[in-house]
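Trainee: pasting the sequence and the predicted model now:
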Amino acid sequence: MPSWAQSAPCDQPEARQFDFWAGKWDVYEKGEQVGFNHISIIQGGCTLLEEYHGVKGPFEGKSFNYYDPSDTSWHQVWVDNSGTRLHLVGGFDGERMVMSGSRLSKGAAVIDRIAWTPHPDGTVRQVWDYSRDEGKTFTIVFDGLYRPHPDGSD
C-alpha cells in the first residue's frame, strides 16, 4: 500500500463542510418538481457523488465534489448529457457552499457560479448563475429547492 494511502486526508473538518447535501432529494424550481438527485458520500468520505435525473425528458448529469487540502478549496466536476461541462472551485463561507469557474460557451467566455444553502427545515436551495461580462452582471440559470425524498436514506 502506498504511504499516501495510509493517511486520512478526508478526516479534517473542512472535508465535511458539504455533507449537508448528501441524501436523496426531490428537486423543485418555481414550485414544480423538475428532478431527482441522489448525493452519496463515497471514497471513504473524500468525495460527494451527485447523480441527477430530470423529471421531463432524458436529462441527466453527474458530478464529483471534493475538498482538496493542498489548495484548501472545494472542487466540482459536472458532466451532463446536454454537453455541459463545469469545473468549479470554491468553499464554504459559514452559511453556504459557493463554487465558480470559467468555460467557453459558443466561443464566448462564461463564468458559472453555484451556491448551495442549507435551511433549518432540512431543505437545500441551489442557485446557479452565470456571467458573460467577466463577472459584472449575472443571470440565473437555475434556482432550485431540494426537498428530502420520502425514502431519503442514503
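Mentor: Alright, I've got the coordinates.
Trainee: parallel or antiparallel, list what pairs with the helix or strand harbouring residue 52.
Mentor: Residue 52 belongs to strand 47-54 when assigned by DSSP states H and E. Paired with strand 47-54 in the same sheet, following DSSP bridges, are strand 32-42 (antiparallel), strand 60-68 (antiparallel).
Trainee: just the buried positions in it, please.
Mentor: Within strand 47-54, the residues that count as buried by 16 or more other CB atoms under 10 Å are 47, 48, 49, 50, 52, 54. All C-beta spots, glycine's among them, are computed from the backbone N, C-alpha and C.
Trainee: tell me which of the strands paired with strand 47-54 is the most buried.
Mentor: strand 60-68 (a mean of 18; mean count of other CB atoms under 10 Å).
Trainee: name whatever forms a beta bridge with the nearest residue to residue 141 once chain neighbours are set aside.
Mentor: For residue 141, ignoring the flanking residues on the chain, the nearest one in space by CB to CB, 6 or more residues apart in numbering is residue 128 at 4.6 Å. On DSSP bridges, the residues paired with residue 128 through beta bridges are residue 114, residue 142.
Trainee: neighbours of residue 128, how many?
Mentor: A total of 18 residues lie near residue 128 under the criterion other CB atoms under 10 Å.
Trainee: so it touches residue 112, yeah?
Mentor: Yes: Residue 128 is in contact with residue 112 according to CB atoms under 8 Å; the separation is 6.8 Å.
Trainee: quick one: residue 90 is in a strand?
Mentor: Yes: counting by DSSP: H, G, I helix; E, B strand; the rest coil, residue 90 is part of a strand.
Trainee: so who does the residue nearest to it when sequence neighbours are not counted touch?
Mentor: Closest residue in space to residue 90, ignoring its immediate chain neighbours: residue 99 at 3.4 Å, by CB to CB, 6+ apart. Residues in contact with residue 99 (CB atoms under 8 Å, 6 or more residues apart in numbering) are 74, 75, 76, 88, 89, 90, 91, 113, 114.
Trainee: which of those residues are buried?
Mentor: 74, 75, 76, 88, 90, 91, 113, 114.
Trainee: which one of the residues you listed sits closest to residue 31?
Mentor: Residue 31 lies nearest to residue 114 out of the buried ones among the contacts of residue 99, by CB to CB, at 20.9 Å.
Trainee: before we move on, back to that, next up, the contacts around the residue nearest to residue 141.
Mentor: Residue 128 makes contact with 112, 113, 114, 140, 141, 142, 143 under the criterion CB under 8 Å, 6+ apart.
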